[in-house]
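>>> Predicted model and sequence below, questions to follow.
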Amino acid sequence: MSPNPRQLELLEQVRERGSVSVEALAERFGVTLQTVRRDVKLLADAGLLARFHGGARVPSSTTENIAYRQRQSLNEAAKQRIARAVARAVPEACSMIINIGTTTEAIARELLQHKGLRVITNNLNVAAILSDNADCEVIVAGGVVRSRDRGIIGEATVDFIRQFKVDIGLIGISGIEADGSLRDFDYREVKVAQTIIEHSREVWLAADHSKFNRPAMVELAHLNQVDVLFTDAPPPDPFPTLLAEAGVSCNVAV
């Protein structure tokens, strides 16, 4: 599904509070209980929240991500705004590593007019997109192809990326928790992303607003390892303070 603005705000309310009653949500949005229940059911069916009798809460699972096809359409407009902001910031003739994610794939589409790029990626979708840019050299990492999203992972991928030192490491993630930790679901994907961070002169993080306060099982890094955050809305508390303390430049795409 592609949530409407009310449903997106409902998701934010649930994520901020952990759980919210149907009555409180109906009062917050000025709609009927039936409307809220319908929204909650749609969002629960999409795996974005969990229902309980009389309310909604954040999904209990920290071990499994939302399906790839669902993530493609989720917050699509936000990802496009982020992608345009990142593309404006990427200089011509630079080297990059781009990792797995639907946001990084949106960014790849916005880089099709860039010249002189050299891009290393463990994302076959990114490679396919950027191969249409004749002025971009694309280097695909070796490793195990994850069938559900065409990401490349594993020790061979880590060893491959260790050969390089690039200008920009561009990463997407599944969640940023309130302690400043960046998290994801697959430890093999996390190992690759950690290697990208280690072998990049600058680390750019692309994360839409839904990633804040979203739990995931595996710690990837901390905000203090990031140079620039690209997002689509001002981060909620306590993230402005965390970003300032970590020295992260926050670029809010409009």
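On my side now, so go ahead.
>>> drop to CA atoms for contacts and neighbour counts, all remaining ones
Fine.
>>> At which residues are the strands of the stretch 151-254 of the chain located?
All strands of the stretch 151-254 of the chain, identified by DSSP state E, counting those that start in this stretch, fall at 151-153, 166-172, 175-176, 181-184, 200-206, 218-222, 228-231, 249-252.
>>> Report the beta-bridge partner residues of C136.
L117 (DSSP bridges).
>>> returning to what we had before: I'd like the strands of the stretch 151-254 of the chain as a markdown table, with mean pLDDT appended.
Converted to a markdown table, the strands of the stretch 151-254 of the chain look like this (pLDDT from 0 to 100):
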| stretch | mean pLDDT |
| --- | --- |
| strand 151-153 | 96 |
| strand 166-172 | 98 |
| strand 175-176 | 92 |
| strand 181-184 | 95 |
| strand 200-206 | 98 |
| strand 218-222 | 96 |
| strand 228-231 | 98 |
| strand 249-252 | 98 |
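>>> Spell out which residues make up each domain of the chain.
Per the record, the chain has its domains at 5-57, 69-252, by automatic domain parsing.
>>> what's around V119, how many residues?
Counted with other Cα atoms under 10 Å, residues neighbouring V119 total 22.
>>> ok, now E245?
When neighbours are defined as other Cα under 10 Å, E245 has 11 of them.
>>> Would you mind measuring from it to F212?
Separation of E245 from F212 (Cα to Cα, to the nearest Å): 17 Å.
>>> same deal with T35?
26 Å.
>>> And these two? Which one has more around it.
Using other Cα under 10 Å as the criterion, T35 and F212 rank with F212 on top: 23 against 15.
>>> circling back to that earlier point, out of the strands of the stretch 151-254 of the chain, which one sits most buried?
Highest mean neighbour count among the strands of the stretch 151-254 of the chain (mean count of other Cα atoms under 10 Å): strand 175-176, with a mean of 26.
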